[in-house]
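*Asks:* Requesting a structural model of the entry that follows:
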Amino acid sequence: MNQSAEIFVALQRLLPKHGLSRLIARAAESERPWLKDFLINRAIDAFDIDMQEAITDDLDYYPNFNSFFTRELKPGVRPIARAKRSLVSPADGAISQAGAINENRILQAKGIHYSVSRLLGNSETAKAYEKGSFATIYLSPKDYHRVHMPAAGKLLSSRYIPGELFSVNDSTAQALPGLFARNERLVCEFESIELGRFSVIFVGAMLVAGIETVWGGFEQPGPGAVREKDHSQESLSFKKGQEIGRFKFGSTVILLFKDQAVTWEENIQAHAKISMGEKIAIAQSQG
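*Replies:* Sure thing, here's the model as predicted:
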């Protein structure tokens, strides 16, 4: 294991991660022009953010840093793959890992696996994904931070699970077992004609100021009880490529599919860069 990664994780253990994230959240919501412009300009420079893709590069358009960070893109910048039965990437980012779920376990990094049951916070739900497949997508601070549907589907349930707020970058993934099942997360389960049940999981991270969904708004972070909601009687159906939520800082999206539900594209491998709307798999018609 990389020694510098171990040191990075050790430092994170000592930090008041929830307190820091709340502090960052307050600053990111500030509408003081000098502060929000300073934060936006620093982010553009530090992360090499491509403002040519943004709906506008006029900083006056963004009332605070969070509105900039979750900025909309210009129409057509992220075309949605339309091939029959195609699945698309829900977000910009890089593939951390992708492949098969083996014995209720997902590959986090080389030699490190974690439990699907712990990730989902429900052992019964996890049974639906035995021998299924997964993809983990890491969103860096420079990426577009809205999350979209990989395929058309109806929202069945959501489950907010409180937890830690470790960084989700590659160094931490290689050094901290069970990272994604430790951090705060929002598990969203959908039903699709072509795929059957599948899950889109928003994983929080250090300095993430919040997770939002289009149906529930801001998910209040912090310690406490699991919050589970049944949406099956609501009319919450989404098209492929439709926005369903957003992160207010860099984080991770995990996709889970049932056994034999999808066939991954050849380029969907660890560390591959992908864009929202890009074809990542073909549905195998579960019904």
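
*Asks:* C-alpha only now, for contacts and for neighbours.
*Replies:* Noted.

*Asks:* Quick check: residue 173 is in a helix.
*Replies:* Yes: the assignment for residue 173 by DSSP: H, G, I helix; E, B strand; the rest coil puts it in a helix.

*Asks:* From residue 145, how far out is the residue nearest the centre of the chain?
*Replies:* Geometric centre of the chain, nearest residue: residue 253, 2.4 Å, by CA atoms, centre = their mean. The gap separating residue 253 from residue 145 is 11 Å, by CA to CA, to the nearest Å.

*Asks:* Mutual contacts of these two, please.
*Replies:* 91, 139 (CA atoms under 8 Å, 6 or more residues apart in numbering).

*Asks:* quick one on the thing from earlier: thinking the residue nearest to the centre of the chain is in contact with residue 138, fair?
*Replies:* Yes: contact criterion CA atoms under 8 Å: residue 253 and residue 138 qualify, at 6.6 Å.

*Asks:* Give the residue farthest from the middle of the chain.
*Replies:* Relative to the chain centroid, the chain (CA atoms, centre = their mean) has residue 34 farthest, 30.3 Å.

*Asks:* So what's the gap between stretch 275-283 and the chain middle?
*Replies:* What separates the centre of stretch 275-283 from the centre of its chain is 15 Å, taken as CA atoms, centre = their mean, to the nearest Å.

*Asks:* so for it, what's the average pLDDT?
*Replies:* Average pLDDT, stretch 275-283: 97.

*Asks:* which residues are in contact with it?
*Replies:* With contacts defined as CA under 8 Å, 6+ apart, stretch 275-283 is touched by 78-81, 85-93, 148, 150, 194-195, 241, 261-265, 267-268.

*Asks:* Same question for stretch 229-240.
*Replies:* Looking at what lies outside stretch 229-240 - CA under 8 Å, 6+ apart - the contacts are 80, 87-88, 148-159, 215, 244.

*Asks:* and it, which residues are buried?
*Replies:* Within stretch 229-240, the residues that count as buried by 16 or more other CA atoms under 10 Å are 231, 238, 240.

*Asks:* That one: end-to-end distance?
*Replies:* 23 Å.

*Asks:* of all the buried residues of stretch 229-240, which comes closest to residue 73?
*Replies:* residue 240 (17.3 Å; CA to CA).

*Asks:* Check the gap between that closest one and residue 41 for me.
*Replies:* Using CA to CA, residue 240 is found at 33 Å from residue 41.

*Asks:* Tell me which of the contacts of stretch 229-240 fall in strands.
*Replies:* 87, 88, 148, 153, 154, 155, 156, 157, 158, 159, 244 (DSSP state E).

*Asks:* Please report which of those has the highest neighbour count.
*Replies:* residue 87 (28 neighbours; other CA atoms under 10 Å).

*Asks:* so what's that one bridging to?
*Replies:* Per DSSP bridges, the residues bridged to residue 87 are residue 281.

*Asks:* Same check on residue 197?
*Replies:* Applying DSSP bridges, one finds that residue 197 bridges with residue 191.

*Asks:* Going forward, the N-terminal residue is numbered 92.
*Replies:* OK, 92 is where the count begins now, so the last one is residue 288.

*Asks:* Can you check which helix is longest in the chain?
*Replies:* helix 124-138 (DSSP state H).

*Asks:* Output the contacting helices and strands for it.
*Replies:* For helix 124-138, the elements it packs on are helix 156-160, judged by 3 or more CA pairs under 8 Å, 6 or more residues apart in numbering; DSSP states H and E.

*Asks:* Residues in contact with the helix it packs on: which ones?
*Replies:* 118-121, 127-128, 130-131, 153, 235-236, 339-340.

*Asks:* change it to 7 Å
*Replies:* 119, 120, 127, 130, 131, 153, 339 (CA atoms under 7 Å, 6 or more residues apart in numbering).

*Asks:* For the residues you listed, give me a markdown table that also has pLDDT and distance to residue 373.
*Replies:* Listed next are the contacts of helix 156-160 as a markdown table, based on pLDDT from 0 to 100; distance: CA to CA, whole Å:
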| residue | pLDDT | distance to residue 373 |
| --- | --- | --- |
| 119 | 80 | 39 |
| 120 | 84 | 40 |
| 127 | 92 | 42 |
| 130 | 91 | 40 |
| 131 | 94 | 38 |
| 153 | 96 | 38 |
| 339 | 75 | 30 |
